[in-house]
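1. Mind looking at a prediction? Sequence and model below.
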Amino acid sequence: MSRGAAAMAVPVSGVVSSKSAKQLFGNEHSASAQRAEPFGSYAKGCAAGNVQLPETGATWQAMRLSRNRNWGQPTTIDFIQDLSRKAAQHPGWAGLYVGDISQPKGGPMLTGHASHQIGLDADIWMLPPTTLSRSRAEREDISSISMQRAKGAYVNSDWTRAHHEIIKAAASDPRVARIFIFPGAKVQMCNDEKGERSWLGKVRPWYGHHFHFHVRLACPPGASGCVNQTPPPAGDGCADAQSWVNNILNPPPAKPRDPDAPKPKPKRELTLNDLPGQCSGVLASR
């Protein structure tokens, strides 16, 4: 835990407490001047004392700088820098291109992710960096590359052993709780790993994660206001990943729809009142 006082709830009007949380947090441009601490859960919380990943380092570049999402808890920033140094040891990798981490004060985002709210999530691009001297403009225009084939059932020819080893290094880090990646990549790693396999249990199949892999860190020690996700099931998770692939290749028949069933209500936006009480203090801190 770092600088400043602990975050505490502050009184806010009923009007403010009922405002859209993504509007409140999405328009903050700097971190709170408080001790670093995540509050709430990955998809319903905020972050005090976030620090900014420098735009460029010896072994990384932060991408899409216009989003101002290169902020995270100190443990997250340290982890990214550590992993980038390991990535830079692989031929063809100058380090890592780092996508979204969190907003300056965490919280719900104006667009995109439901998670990334407490400064403990980070997206790592699949594109191997050949240079770490890209301009701000280039970082807006360049895209990562997809690793999937057959709608995510398999990896494509861009997948390399280096991807396997970098994800293995991330999953082997005790700070990491989970890594999300598309099902075909998890199955490929299961097939290719011939050594110690316990790290594979942290690698979880999930939709859409074929341009980047998503690292989720556990709540730091002493962060009593932080809510960890339920740990992954015991084992390497390879059979579960194979079942995802089987469902991609042979989708189960769609369930019949009841024409008289009411339409599902749209999901309500989170308000400040939905978040932990300390988040009002995080917002107010300057």
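-> Done, it's in. Numbering: from 1, shown residues only.

2. drop to CA atoms for contacts and neighbour counts, all remaining ones
-> Noted.

3. Just give me the neighbour total for the residue lying closest to Ala171 once chain neighbours are set aside.
-> Spatially, and ignoring its direct neighbours in sequence, Ala171 is nearest to Trp199 (5.5 Å; Cα to Cα, 6 or more residues apart in numbering). Applying other Cα atoms under 10 Å, we find 19 residues neighbouring Trp199.

4. all strands of this protein, in order?
-> Along the chain, the stretches classed as strands by DSSP state E are 37-41, 44-48, 51-52, 56-57, 60-62, 71-72, 96-98, 121-125, 148-149, 154-155, 176-181, 203-205, 212-217.

5. average pLDDT across the fifth one?
-> On average, the pLDDT along strand 60-62 is 98.

6. just stretch 79-88 next, same as before
-> Mean predicted confidence for stretch 79-88 is 98.

7. Same list (the strands of the chain) but as TSV, adding distance to Pro251.
-> Output for these, formatted as TSV (distance: least, Cα to Cα, whole Å):
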stretch	distance to Pro251
strand 37-41	32
strand 44-48	32
strand 51-52	43
strand 56-57	43
strand 60-62	37
strand 71-72	38
strand 96-98	33
strand 121-125	28
strand 148-149	16
strand 154-155	15
strand 176-181	20
strand 203-205	16
strand 212-217	24
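
8. Now render those as JSON lines, adding mean neighbour count and distance to Asp78.
-> Formatted as JSON lines, these follow (neighbours: other Cα atoms under 10 Å; distance: least, Cα to Cα, whole Å):
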{"stretch": "strand 37-41", "mean neighbour count": "26", "distance to Asp78": "15"}
{"stretch": "strand 44-48", "mean neighbour count": "30", "distance to Asp78": "16"}
{"stretch": "strand 51-52", "mean neighbour count": "22", "distance to Asp78": "10"}
{"stretch": "strand 56-57", "mean neighbour count": "16", "distance to Asp78": "12"}
{"stretch": "strand 60-62", "mean neighbour count": "25", "distance to Asp78": "12"}
{"stretch": "strand 71-72", "mean neighbour count": "30", "distance to Asp78": "10"}
{"stretch": "strand 96-98", "mean neighbour count": "26", "distance to Asp78": "13"}
{"stretch": "strand 121-125", "mean neighbour count": "24", "distance to Asp78": "12"}
{"stretch": "strand 148-149", "mean neighbour count": "18", "distance to Asp78": "29"}
{"stretch": "strand 154-155", "mean neighbour count": "22", "distance to Asp78": "30"}
{"stretch": "strand 176-181", "mean neighbour count": "22", "distance to Asp78": "12"}
{"stretch": "strand 203-205", "mean neighbour count": "25", "distance to Asp78": "20"}
{"stretch": "strand 212-217", "mean neighbour count": "25", "distance to Asp78": "11"}
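
9. sorry, back to before: pretty sure the residue nearest to Ala171 contacts Lys168?
-> Yes - Trp199 lies in contact with Lys168 (Cα atoms under 8 Å); the separation is 6.8 Å.

10. name the helices or strands packed onto the longest helix along the chain?
-> If you go by DSSP state H, the chain has its longest helix at helix 74-87. Contacts defined by 3 or more Cα pairs under 8 Å, 6 or more residues apart in numbering; DSSP states H and E place helix 74-87 against strand 51-52, helix 161-171.

11. And for it, what's in contact with it?
-> 36, 50-53, 59-60, 71, 93-96, 119-122, 162, 166, 169-170, 175, 217, 220 (Cα atoms under 8 Å, 6 or more residues apart in numbering).
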